[in-house]
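Asks: Sequence below, structure please.
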Amino acid sequence: MNSQPSANILVVDDMEANRELLSRHLKRAGYQVETASGGIEALKMISSESFDLVLLDIMMPELDGFIVLESLRKHYQASDLAVIMISAIDNSAEIVKALGLGANDYITKPFDVKIMLSRVSIQLNSGSLYKQLQLSEERYKLAFSASNDGLWDWNIKSGTVFYSDRWREMMGLANNVQLDSIEQWFDTVYPDDV
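Replies: Now for the predicted structure:
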């Protein structure tokens with residue numbers, strides 16, 4: 001079931017039995033698992049180690065899961081560090097609050113093991129795809145910046161046009177000149193060439 005056997009997951013719960021249960025199921029699925037008994041410990045671990053996903057309980061002493069989630073989202077986007085809230089609170093207002101604060105998903109206790117593992121896998125796969133997309137975009141930007149070509153891209157549905165800095169330079173236009181339509185591009189072309 002696990003397509004990312006090297007994924008590193010942090011389980012955060014103040015109840016030892018819950019940490020052990022989640023850890024056992026995740027390890028059987030092939031994940032690397034570490035645990036934290038509370039929010040303060042979890043934040044320290046996340047600041048010093050790399051995790052792909054956090055399973056985070058809400059009701060904990062010291063720092064509750066909402067505070068931990070808010071702190072994480074100040075430093076990590078949902079695409080960079082997936083956080084699945086896992087709680088006995090089965091209240092739509094609390095679920096909406098967690099998702100509004102940036103949780104990737106929410107699982108209620110007692111949880112179904114297959115559903116939990118499926119949601120973990122989905123979040124890890126989404127994160128992996130996002131990282132691949134970022135890498136691809138970075139490569140494209142590097143390749144494009146190394147070329148001497150001017151680029152323009154016309155979104156026909158919205159009618160907007162993107163003009164690269166090099167294109168503007170080739171057309172003799174300053175970067176601060178606002179161009180956002182194809183008509184403005186046609187105005188720069190000789191009438192016989194249009």
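Asks: in the chain, what spans have low per-residue confidence?
Replies: 1-5, 127-130, 132-136, 142-146, 180, 185, 194 (pLDDT under 70).
Asks: Swap in 90 and give it another go.
Replies: Counting by pLDDT under 90, the ranges of the chain that qualify are 1-6, 61-62, 78-79, 88-91, 110, 125-194.
Asks: Quickly note the distance from the most centrally placed residue in it to Leu69.
Replies: Closest to where the C-alpha atoms of the chain average out (CA atoms, centre = their mean) is Ser79, at 0.6 Å. Separation of Ser79 from Leu69 (CB to CB, to the nearest Å) stands at 15 Å. Where C-beta positions appear, they are placed from N, C-alpha and C, glycine not excepted.
Asks: Run a quick check on Ile95 versus Tyr106, I expect a contact.
Replies: Yes - Ile95 is within contact range of Tyr106, at 4.9 Å (criterion: CB atoms under 8 Å).
Asks: Skipping its backbone neighbours, what lies nearest Ala98 in space?
Replies: Using CB to CB, 6 or more residues apart in numbering and skipping the chain neighbours, the partner closest in space to Ala98 is Met85 (4.5 Å).
Asks: Over to the one you found. Which of the three states is it?
Replies: strand (DSSP: H, G, I helix; E, B strand; the rest coil).
Asks: Quick check: beta-bridge partners of it?
Replies: The partner list for Met85 in beta bridges (DSSP bridges) reads Leu56, Tyr106.
Asks: Who are the contact partners of it?
Replies: Leu56, Asp57, Ile58, Gly65, Leu69, Ile95, Ala98, Ala103, Asp105, Tyr106, Ile107 (CB atoms under 8 Å, 6 or more residues apart in numbering).
Asks: The second one contacts Ile84, doesn't it?
Replies: No - assessed by CB under 8 Å, Asp57 is found out of contact with Ile84, at 10.5 Å.
Asks: who has more neighbours, those two?
Replies: Between Asp57 and Ile84, counting by other CB atoms under 10 Å, Asp57 is the more crowded of the two (26 against 20).
Asks: That one and Ala36, how far apart?
Replies: From Asp57 across to Ala36, the span is 10 Å (CB to CB).
Asks: So for these two, which residues contact both of them?
Replies: By CB under 8 Å, 6+ apart, the residues touching both Asp57 and Ala36 are Val12.
Asks: Give me the distance between the closest residue to Ile84 other than its chain neighbours and Glu137.
Replies: Using CB to CB, 6+ apart and skipping the chain neighbours, the partner closest in space to Ile84 is Asp105 (4.5 Å). Distance, Asp105 to Glu137, by CB to CB: 25 Å.
Asks: Okay then, goodbye and thanks.
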